[in-house]
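*Asks:* Attaching a predicted model along with its sequence, questions to come.
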Amino acid sequence: MEYKELRQIDVSKYTEKKNGLTYLSWAWAVDQLLLVDPKANWFYPEYQRWGNGSVMVFCTVVANDIARTAQLPVMDYRNKPIPEPDSFAVNTAMQRCLAKAIALHGIGLYIYNGEDIPPDTLEEPVAKKVEAPKPVASKPAPVAITAPSRTSKEWQIVPAGQEGSAEWIEGVKAGVNALLQVADKPDDVANIFKNNRSIFDALKIKDDAVYAELMGQFSTTKKQLTKE
């Protein structure tokens, strides 16, 4: 299933509201994700600790060969960041962040926009407007662009945050690590680089050291897969 289909799934039966926020059951979200893509996987990049002792956790979910990273502060019952949170609070935030990262792939994303039902099932107008007949448009000529095959892997990185920010850079690193882990031949490594060339070009300008580090990972992974 593609994103446009996943975003239409009604998750209302599996949510709970707390202090004005709606939470989706992480267990149900994982179940739905694996039904859509049995090879989907996820991991938690290193968390960030702020000066006041509060903590931001991250989760990267790889599904349909696309890695998306979400972030979430460790919060108390008032939805306020917890200074020096204990392991229970951190674990709770990690599971909620997992559900949020899954939502970036479409499942339950609409609840983060304050909606109670999926966007394509919102209430329709009571009366339909009568519109004048529209002229029949001529069929456009084919565009000379080759669309990726449905059987080919579309290796894409979708980092969160503003381009060049610390969060964005961490998202790029997490995305590269996730995709290189599932690459099984040298061509996969090449596709990861080609499909995200604009991101790597921006990264080289923003943080040349991280760029060099990731290029080293590409080189090492490609050599390993070539030997295999």
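*Replies:* Sure thing, it's come through.

*Asks:* CA only for contacts and neighbour counts going forward, please
*Replies:* Will do.

*Asks:* if I look at the residue lying closest to Met1 once chain neighbours are set aside, how far off is Leu214?
*Replies:* Closest residue to Met1 in three dimensions, ignoring its sequence neighbours and counting by Cα to Cα, 6 or more residues apart in numbering: Val36, at 6.4 Å. As for Val36, its distance to Leu214 is 30 Å (criterion: Cα to Cα, to the nearest Å).

*Asks:* With Arg68 instead?
*Replies:* Following Cα to Cα, the distance that separates Arg68 from Leu214 is 17 Å.

*Asks:* Not counting sequence-adjacent ones, nearest residue to Trp42?
*Replies:* Take Trp42 and drop its neighbours on the chain: the residue closest to it by Cα to Cα, 6+ apart is Val61, 4.3 Å away.

*Asks:* Show me what the strand or helix carrying Val61 packs onto, helices and strands only.
*Replies:* When secondary structure is defined by DSSP states H and E, Val61 falls within strand 55-63. Packed against strand 55-63 by the contact rule (3 or more Cα pairs under 8 Å, 6 or more residues apart in numbering; DSSP states H and E) you find strand 41-43, strand 48-49, strand 66-73, helix 87-103, helix 166-182.

*Asks:* If the residue nearest to Trp42 is in a bridge, with which residues?
*Replies:* Trp42, Arg68 (DSSP bridges).

*Asks:* what's next to the lengthiest helix in the chain, contact-wise?
*Replies:* Taking DSSP state H as the assignment, the helix of the chain that covers the most residues is helix 208-227. Contact with helix 208-227 is made by Lys173, Val176, Leu180, Asp184, Lys185, Pro186, Val189, Phe200, Leu203, Lys204, as judged by Cα atoms under 8 Å, 6 or more residues apart in numbering.

*Asks:* one more time with 7 Å
*Replies:* Asp184, Lys185, Pro186, Val189, Phe200, Leu203, Lys204 (Cα atoms under 7 Å, 6 or more residues apart in numbering).

*Asks:* Relative to His105, how far out is the residue nearest the centre of the chain?
*Replies:* Against the mean C-alpha coordinate of the chain, by Cα atoms, centre = their mean, the closest residue is Arg68 at 2.3 Å. Relative to His105, Arg68 is positioned 7 Å away (Cα to Cα).
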